[in-house]
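*Asks:* give me the fold of what follows.
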Amino acid sequence: MLKGRITKALSGFYYVEAEGAIYETRARGLFRKTKESPLVGDIVTFQVENEDEGYIGEIHERKNALMRPPIANIDQVLIAMSMKSPEFSYYLLDRFLAYAEAHDIEPVIVITKTDLLEDDASLDEIASVYKPIYDIHFTDRDQINEDLQEIFRDKISVLAGQSGVGKSTLLNTLVPDLELNTAEISNALNRGKHTTRHVELVEIGGGLIADTPGFSTIEFTELDKYNLKFCFPDFNSFSEACKFRECQHINEPKCGVKQAVAEGELAASRYDSYLAIYQEIENRKARY
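*Replies:* Numbering: from 1, shown residues only. Alright, predicted model coming up:
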């Protein structure tokens with residue numbers, strides 16, 4: 001039996017890297033009973049047959065997992081947001097950040113297409129909101145490699161962001177051999193198009209990154225509204241001043257978070273995003 005990591009999934013086969021070799025494996029039938037499916041990024045134990053083939057018998061405990069794209073044990077998500085085409089959105093960025101926090105994945109913000117701006121005022125404003133909380137990079141086509149190469153070392157990364165923000169361009173620039181298919185942005189719909197046929201982890205800067213264009217839409221189907229506040233880490237220090245221990249920062253009096261927003265110590269855009277996502281979760285229909 002060998003232990004290794006799944007680096008590629010394609011048509012029912014799982015390609016596992018172990019001891020410097022790649023093995024083509026299938027999942028044992030027992031996984032159908034437990035309703036488990038191996039994911040790219042999983043650490044697995046497998047039995048070798050026919051020299052470089054085998055069967056997966058055990059999936060080791062995951063620290064996290066996403067279904068779209070289907071990857072496990074992710075260390076960081078690079079959230080790509082563009083300044084133009086499509087326009088930058090604080091709300092969309094906050095949705096991706098909250099989603100990453102909810103899945104215990106470290107977010108890294110990558111702002112693209114900064115060369116399309118006429119001045120840097122909006123970049124300074126974005127930096128003032130997010131730099132105290134997260135790692136943030138501002139990129140254009142000429143600066144991508146310099147800014148981002150070292151953040152991949154010893155980590156598994158995925159990309160996220162709205163369609164058309166330049167995720168495929170970013171990834172193709174960092175890993176030229178990938179040659180991801182990227183359609184031109186549709187001016188009419190203001191949305192990008194891209195395709196990928198499988199999920200694979202490829203080496204980059206001493207780490208691994210999924211070669212998919214990343215995920216562009218998210219839903220908070222698994223997040224409880226009472227736990228949403230923990231997905232906004234910049235609320236933490238201000239919530240200590242709340243009168244009520246279980247304060248949700250909505251209608252409660254003497255709320256430290258609302259007070260911080262009123263005094264300009266906490267960005268109003270962050271609080272507005274929190275309220276919108278909270279309302280979305282509250283309006284979600286119960287499933288029985």
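*Asks:* do you have the helices of the protein handy? List them.
*Replies:* Along the chain, counting by DSSP state H, helices occupy 30-34, 90-102, 121-130, 144-148, 167-174, 236-239, 256-262, 268-282.
*Asks:* in terms of secondary structure, what does the second one contact?
*Replies:* Using 3 or more C-beta pairs under 8 Å, 6 or more residues apart in numbering; DSSP states H and E as the contact criterion, the secondary-structure elements in contact with helix 90-102 are strand 76-82, strand 106-112, strand 156-160, helix 268-282. Just so you know, the C-beta spots here come from the backbone N, C-alpha and C atoms, and that holds for glycine as well.
*Asks:* just the angle for it relative to strand 76-82, thanks.
*Replies:* 180 degrees (axes from the mean of the first three to the mean of the last three C-alpha atoms, to 10 degrees).
*Asks:* please identify which of the helices of the chain is closest to residue 227.
*Replies:* With C-beta to C-beta as the measure, helix 90-102 is the member of those nearest residue 227 (7.7 Å).
*Asks:* follow-up on the earlier one: what's the closest of the helices and strands packed on helix 90-102 to residue 7?
*Replies:* strand 156-160 (10.0 Å).
*Asks:* okay, residue 55 and residue 203: tell me how far apart.
*Replies:* 26 Å (C-beta to C-beta, to the nearest Å).
*Asks:* the two - which one has more neighbours?
*Replies:* More crowded of residue 55 and residue 203, by other C-beta atoms under 10 Å: residue 55, with 15 against 11.
*Asks:* any idea what that one is bridged to?
*Replies:* residue 26, residue 47 (DSSP bridges).
*Asks:* list the contacts of it.
*Replies:* Residues near residue 55 by C-beta atoms under 8 Å, 6 or more residues apart in numbering: 25, 26, 27, 28, 46, 47, 49.
*Asks:* likewise residue 116?
*Replies:* Counting by C-beta under 8 Å, 6+ apart, residue 116 has contacts 83, 84, 85.
*Asks:* next one: residue 16
*Replies:* Contacts of residue 16 by C-beta under 8 Å, 6+ apart are 2, 4, 5, 6, 7, 22, 23, 25, 44, 46, 54, 56.
*Asks:* wait, what's in contact with residue 4?
*Replies:* Contact analysis of residue 4 by C-beta under 8 Å, 6+ apart lists 16, 17, 18, 19, 23, 43, 44, 46.
*Asks:* hmm, which of those residues is lowest in pLDDT?
*Replies:* In terms of pLDDT, the lowest of these is residue 19, showing 93.
*Asks:* might you report the residue contacts of that residue?
*Replies:* 2, 4.
*Asks:* residue 82 bridge partners, please.
*Replies:* residue 112.
*Asks:* of the contacts of residue 16, keep whichever come out buried.
*Replies:* Neighbour counting with 16 or more other C-beta atoms under 10 Å marks 4, 5, 6, 7, 23, 25, 44, 46, 54, 56 as buried within those.
*Asks:* what confidence value was assigned to residue 140?
*Replies:* pLDDT at residue 140 comes out at 80.
*Asks:* quick revisit: most packed of the helices of the chain?
*Replies:* helix 167-174 (a mean of 22; mean count of other C-beta atoms under 10 Å).
*Asks:* what residues does stretch 102-111 touch?
*Replies:* When contacts are defined by C-beta under 8 Å, 6+ apart, stretch 102-111 is touched by residues 63-66, 74-83, 88, 93, 96-97, 100-101, 123, 126, 130, 134-139, 148, 151, 161, 170, 220, 222-223, 227, 231.
*Asks:* list buried residues within those.
*Replies:* For the contacts of stretch 102-111, buried by 16+ other C-beta under 10 Å: 66, 74-83, 88, 93, 96-97, 100-101, 123, 126, 130, 134, 136-139, 148, 151, 161, 170, 220, 223, 231.
*Asks:* let's have the helices and strands packed on helix 90-102 in TSV, adding distance to residue 258 and mean pLDDT.
*Replies:* Converted to TSV, the helices and strands packed on helix 90-102 look like this (distance: least, C-beta to C-beta, whole Å; pLDDT from 0 to 100):
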stretch	distance to residue 258	mean pLDDT
strand 76-82	26	91
strand 106-112	25	93
strand 156-160	29	90
helix 268-282	8	96
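*Asks:* now render the ones you listed as a markdown table, adding distance to residue 208.
*Replies:* Below are the helices and strands packed on helix 90-102 laid out as a markdown table (distance: least, C-beta to C-beta, whole Å):
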| stretch | distance to residue 208 |
| --- | --- |
| strand 76-82 | 11 |
| strand 106-112 | 15 |
| strand 156-160 | 5 |
| helix 268-282 | 30 |
